[in-house]
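**Q** Just the structure for this:
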Amino acid sequence: MLSRRSLLSSALTLPALAAPKTPAPELVSCERIWDRAPHSAFTDLIQHNGQWLCCFREGQKHVSPDGRIRILHSDDGALWRTWSVIDHPVADLRDPKLTHNSGGALMLTAAGAMHAPSDARHRTFAWFSDDGREWTSPIQIGDDNFWLWRVQWFQGKAYAMGYATVGEPILRAYLSLDGRRFLTLNERAAADGAPNETSILFDNSGLATCIARRDGEPKTALLGHSRPPYRGWIWEDLGVRIGGPHLLRLPDGRIVCAGRLYEGSQRTALLWLNPVEPSLTEFLALPSGGDSSYPGLVFHDDLLWVSYYSSHEARTSIYLAKVKLPPLPR
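**A** I've put the predicted structure just below:
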């Protein structure tokens, strides 16, 4: 059985993963880019062929049967317009995520909270597109009542963690060769504390790093590591409660985490992840409050672009922030 030290042997030699102290990050801009629905939330962000796409759910409320996915398009990240709208006749579509498959096409995933009567409480769906405007019909990925949270492609394969929405609250690890048929890698990749929302990163050595929200006891997030073939995971408690977590590795090797923090006040925050200690260190709270978070992350032109939603300005709306990060300390 692999030890944590052997799993992290490559990461332990990377000083870039240490959390920087100075100078402070700078919030360059923060704009509300959509507010036309009663409730707009659960975002993701991607750059595709030099253009920007931002997806999110809109509906009457945070939980309502009418959820659909809206995808906004922008040439420059400043002016946004609707590119496409996706709904499902018998499901509330929730938590859309965007990625590129191994061929460079767009892959959109979202969970469907199925309308009664149904054999399943939740199903996860995928759509594919070359331009983000015209999408294929939905196909189900994974198993009934497992919510595949975010798909991550690595070396031509798609990986995802699905969390159970019926029965014992566990994480199930999945693998796909084409993004359409997902096979189980580990029936029970994690179970302690009711893990659910996840984000996975891979480094050049093949090390997989996963952060997982927990809503049981304790409620603090888990950090997991695995190596090929990614069937076994080693987990540690990060000691911080976080909702809708998402990870992004910067070109210099540092890892940014974004999500909802609860201590003090609910807010969307940016944090440094140190996977060696392990630890999360908040470095910037974005303009936000209350019902908020579920960010998309892209590093572009030396700026961190963050899509997220928040209710701090009355109606729950979609925001785009740009953040200047300090260079690595020398």
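
**Q** Give the next helix or strand downstream of the lowest-mean-pLDDT helix or strand in the chain.
**A** One helix or strand of the chain scores below all others by mean pLDDT, DSSP states H and E: helix 4-7, with a mean of 64. Using DSSP states H and E, the helix or strand that directly follows helix 4-7 along the chain is strand 26-34.

**Q** Check which residues of that next one are buried.
**A** Burial within strand 26-34, assessed by neighbour count using 16 or more other C-beta atoms under 10 Å, is assigned to 27, 30, 33, 34. C-beta coordinates here come from the backbone N, C-alpha and C atoms, glycine included.

**Q** What of stretch 91-100?
**A** Residues of stretch 91-100 classed as buried by neighbour count (16+ other C-beta under 10 Å): 91, 92, 93, 94, 95, 96, 97, 98, 99.

**Q** how about low-confidence regions in this protein?
**A** Where the chain drops to pLDDT under 70, the residues are 1-6, 8-22.

**Q** So which residue is dead centre in it?
**A** Relative to the mean C-alpha position of the chain, the nearest C-alpha, by C-alpha atoms, centre = their mean, is the one of residue 246, at 4.1 Å.

**Q** ok, now which ones touch that residue?
**A** 150, 199, 257, 258, 259, 295, 296, 297 (C-beta atoms under 8 Å, 6 or more residues apart in numbering).

**Q** Nearest residue to it in space, ignoring adjacent ones along the chain?
**A** On the basis of C-beta to C-beta, 6 or more residues apart in numbering, the spatially nearest residue to residue 246 that is not a chain neighbour turns out to be residue 199, at 4.7 Å.

**Q** so which helix or strand takes in the one you found?
**A** strand 195-202.

**Q** List the contacts of that strand.
**A** 147, 149-150, 152, 154-155, 159-161, 163, 169-171, 208-215, 222, 243-249, 255, 257.

**Q** returning to what we had before: how about the contacts of residue 246 in a markdown table, adding distance to residue 189?
**A** Formatted as a markdown table, the entries for those read as follows, by distance: C-beta to C-beta, whole Å:
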| residue | distance to residue 189 |
| --- | --- |
| 150 | 14 |
| 199 | 14 |
| 257 | 20 |
| 258 | 23 |
| 259 | 20 |
| 295 | 23 |
| 296 | 24 |
| 297 | 23 |
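
**Q** What subset of these is buried?
**A** For these, a neighbour count by 16+ other C-beta under 10 Å gives the buried set as 150, 199, 257, 258, 259, 295, 296, 297.

**Q** what's the helix or strand for the closest residue to the fourth one other than its chain neighbours?
**A** Once flanking residues are discounted, residue 258 sits nearest to residue 295: 4.1 Å by C-beta to C-beta, 6+ apart. Assigned by DSSP H and E, residue 295 falls within strand 293-300.

**Q** next one: residue 55
**A** Using DSSP H and E, the secondary-structure element containing residue 55 is strand 51-59.

**Q** Could you name the helices and strands sitting against the next helix or strand after that strand?
**A** If you walk from strand 51-59 toward the C-terminus, the next helix or strand you reach (DSSP H and E) is strand 68-74. Packed against strand 68-74 by the contact rule (3 or more C-beta pairs under 8 Å, 6 or more residues apart in numbering; DSSP states H and E) you find strand 26-34, strand 51-59, strand 81-86, strand 91-100, strand 106-114.

**Q** Columns distance to residue 286 on top of those strands, output as TSV?
**A** Below are the helices and strands packed on strand 68-74 laid out as TSV (distance: least, C-beta to C-beta, whole Å):
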stretch	distance to residue 286
strand 26-34	7
strand 51-59	15
strand 81-86	24
strand 91-100	19
strand 106-114	24
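
**Q** among these, which is nearest residue 230?
**A** strand 91-100 (17.2 Å; C-beta to C-beta).

**Q** Can you list the strands that the strand holding residue 55 pairs with?
**A** Note on strand 51-59: by DSSP bridges, its sheet partners are strand 39-48 (antiparallel), strand 68-74 (antiparallel).
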